[in-house]
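Undergrad: Here is a sequence together with a model predicted from it:
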Amino acid sequence: MNDINLMGQIADLKEVDYRNTLAIATLLELLIDKGIITRQEFAKKSYYLDNISLEQLKKLRTGP
């Protein structure tokens, strides 16, 4: 019975992950369509954020 519950929870997480991914992709496409950002700007910022340290990321959130 516990395995069934765990499998259900995993399925729920997959659904939430899909919905969150869809929302982010939709927002990105709208920003690009409206000319607010370009795909290149997005790619550059994504690469930057993916490669900075956790400490650097915390500083970005809180300021100097």
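TA: Great, that's in hand. Numbering: from 1, shown residues only.

Undergrad: For the chain, which segments count as helices?
TA: In the chain, the segments counted as helices under DSSP state H are 2-33, 39-51, 54-62.

Undergrad: In terms of mean pLDDT, which of those ranks lowest?
TA: Mean pLDDT is lowest for helix 54-62 out of these, coming in at a mean of 80.

Undergrad: buried ones in it?
TA: With burial defined by 16 or more other CB atoms under 10 Å, not one residue of helix 54-62 is counted as buried. Yep, even glycine has a C-beta here, placed from its N, CA and C like the rest.

Undergrad: With stretch 27-45 instead?
TA: Here stretch 27-45 shows no buried residue, counting by 16+ other CB under 10 Å.

Undergrad: Centre of the chain to that stretch, how far?
TA: Using CA atoms, centre = their mean, to the nearest Å, the mean C-alpha position of stretch 27-45 is found 14 Å from that of the whole chain.

Undergrad: measure that stretch end to end?
TA: 16 Å (CA to CA, to the nearest Å).

Undergrad: Likewise for stretch 45-56?
TA: Note: stretch 45-56 ends 14 Å apart using CA to CA.

Undergrad: same deal with stretch 27-47?
TA: End-to-end distance for stretch 27-47, by CA to CA: 18 Å.

Undergrad: Repeat that for stretch 27-46.
TA: Using CA to CA, the two ends of stretch 27-46 sit 15 Å apart.

Undergrad: Now do it: distance to the chain's middle.
TA: How far stretch 27-46 lies from its chain's middle: 14 Å, per CA atoms, centre = their mean.

Undergrad: Over to stretch 20-27?
TA: The chain centre lies 8 Å from the centre of stretch 20-27; the measure is CA atoms, centre = their mean.

Undergrad: Please report how far V16 lies from N51.
TA: 27 Å (CB to CB, to the nearest Å).

Undergrad: cool, and N20?
TA: Remark: distance between N20 and N51 (CB to CB) = 23 Å.

Undergrad: What distance do you get for K44 to L13?
TA: Taking CB to CB, one finds K44 at 31 Å from L13.

Undergrad: Please apply the same query to L60.
TA: Taking CB to CB as the measure, L60 falls 28 Å from L13.
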